[in-house]
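K.L.:
just coords:
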């Protein structure tokens with residue numbers, strides 16, 4: 001089958017014909033770009049820049065084909081709502097609670113948490129209510145006991161979704177508060193910060209793109225702190241009691 005995608009000459013500098021463009025799930029909304037407005041139910045998703053796929057919230061891309069001049073047609077779009085399951089017992093046993101959004105108080109739903117399954121989205125869960133206390137960053141997958149998310153105990157009291165987990169990631173870390181002293185910019189994970197940054201402590205940071213996790217020790221161990229897009233003039237602004245950062249990692253939700 002051939003679908004001729006018309007009305008996009010102004011955007012893509014010429015007409016394009018696509019073989020086998022198949023769209024799935026009628027609930028996927030109409031997606032648009034400058035000079036382009038195509039129902040996803042007819043032609044899937046067509047964008048000029050492939051990176052734009054990362055900025056369409058709530059869509060999982062199952063298969064994409066890149067054609068001439070950077071035109072990308074996505075075939076299998078799945079509309080995803082962030083979803084996480086908390087279980088009172090290990091190995092996904094006992095009473096469980098399903099959550100699909102930010103929740104500042106979870107104690108009314110379960111008394112303890114010994115396993116978690118993340119069905120979609122990226123999440124940060126907290127040891128205390130109102131997004132306080134120790135943080136644990138979770139991406140899609142199964143966690144059969146709390147040691148798997150490096151938890152200190154079976155207490156989880158609040159959770160929220162993490163935004164900006166796809167696309168480009170960039171962070172600048174600084175030796176001193178208020179963005180002073182030595183600065184290093186990262187765009188990839190770093191299991192040992194001291195290999196590039198001569199200081200054991202990071203006193204300020206600027207997240208330019210994406211979301212990041214600071215770990216207290218090298219090799220992604222120790223206390224975790226989530227940093228989302230924005231400026232952090234002191235380590236206390238990302239929740240750190242101390243400025244020790246041994247490793248850092250991008251939060252990625254594929």
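P.N.:
Perfect, I can see it now. Given the structure is predicted, the values throughout are model-derived calculations rather than measurements.

K.L.:
okay, CA-based contacts and neighbour counts for the rest of this
P.N.:
OK.

K.L.:
which ones are touching residue 175?
P.N.:
Going by C-alpha atoms under 8 Å, 6 or more residues apart in numbering, residue 175 touches 181, 182, 183, 199, 201, 202, 203, 204.

K.L.:
ok, now residue 229?
P.N.:
164, 206, 207, 208, 209, 210, 211.

K.L.:
on that earlier part again, in PyMOL, how would I select the buried members of the contacts of residue 175?
P.N.:
Entered in PyMOL, the line below selects the buried ones among the contacts of residue 175, by 16 or more other C-alpha atoms under 10 Å:
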select buried, resi 199+201+202+203+204
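
K.L.:
Look up how far residue 151 lies from residue 205.
P.N.:
Using C-alpha to C-alpha, to the nearest Å, residue 205 is found at 25 Å from residue 151.

K.L.:
Please tell me how far the closest residue to residue 176 other than its chain neighbours sits from residue 112.
P.N.:
Spatial nearest neighbour of residue 176, chain neighbours left out: residue 203 (4.8 Å); criterion: C-alpha to C-alpha, 6 or more residues apart in numbering. Going from residue 203 to residue 112 by C-alpha to C-alpha gives 34 Å.

K.L.:
pretty sure residue 87 is touching residue 94, no?
P.N.:
Yes - using C-alpha atoms under 8 Å, residue 87 makes contact with residue 94 at a distance of 6.2 Å.

K.L.:
between those two, which one's more packed in?
P.N.:
Remark: of residue 87 and residue 94, residue 87 carries more neighbours, 23 against 13, as counted by other C-alpha atoms under 10 Å.

K.L.:
picking up where we left off before, out of the contacts of residue 229, the closest to residue 147 would be?
P.N.:
Lowest distance from residue 147 to the contacts of residue 229 (C-alpha to C-alpha) belongs to residue 211, with 23.0 Å.

K.L.:
re earlier: what backbone torsions are found at the residue nearest to residue 176?
P.N.:
Dihedral pair for residue 203: phi -100, psi -10, per degrees, to the nearest 10.

K.L.:
which residues in this structure form helices?
P.N.:
According to DSSP state H, the chain carries its helices in the segments 9-12, 40-43.

K.L.:
averaged over its residues, what pLDDT does the first one have?
P.N.:
Yep, that's helix 9-12 we're talking about. Averaging pLDDT along helix 9-12 yields 31.

K.L.:
ok, residue 210 - contacts?
P.N.:
So residue 210 contacts 163, 164, 165, 166, 167, 168, 169, 170, 228, 229, 250, 251 (C-alpha under 8 Å, 6+ apart).

K.L.:
State the distance from the fourth one to residue 120.
P.N.:
When C-alpha to C-alpha is the yardstick, residue 166 and residue 120 sit 13 Å from each other.

K.L.:
same question, the second one
P.N.:
Per C-alpha to C-alpha, residue 164 is found 14 Å from residue 120.

K.L.:
and the closest residue to residue 206 other than its chain neighbours, how many residues sit next to it?
P.N.:
In space, and not counting its chain neighbours, residue 206 is closest to residue 231: 4.5 Å by C-alpha to C-alpha, 6+ apart. Other residues near residue 231 come to 18 when the count uses other C-alpha under 10 Å.

K.L.:
quick one: residue 231 and residue 179 touch, right?
P.N.:
No - contact criterion C-alpha under 8 Å: residue 231 and residue 179 do not qualify, at 9.2 Å.

K.L.:
so what sits against both of those two?
P.N.:
Common neighbours of residue 231 and residue 179 (criterion: C-alpha under 8 Å, 6+ apart): residue 205.

K.L.:
which regions of the stretch 51-200 of the chain lie under the pLDDT threshold?
P.N.:
For the stretch 51-200 of the chain, the stretches flagged by pLDDT under 70 are 51-79.

K.L.:
Just the strands from it, written as ranges.
P.N.:
Secondary structure of the stretch 51-200 of the chain (DSSP state E, counting those that start in this stretch): strands located at 59-61, 64-66, 72-74, 77-79, 83-89, 93-99, 115-120, 123-128, 132-138, 141-143, 158-161, 170-176, 180-186.

K.L.:
Export these as TSV, with columns for distance to residue 244.
P.N.:
Below are the strands of the stretch 51-200 of the chain laid out as TSV (distance: least, C-alpha to C-alpha, whole Å):
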stretch	distance to residue 244
strand 59-61	36
strand 64-66	41
strand 72-74	43
strand 77-79	39
strand 83-89	30
strand 93-99	32
strand 115-120	28
strand 123-128	20
strand 132-138	15
strand 141-143	27
strand 158-161	24
strand 170-176	11
strand 180-186	15
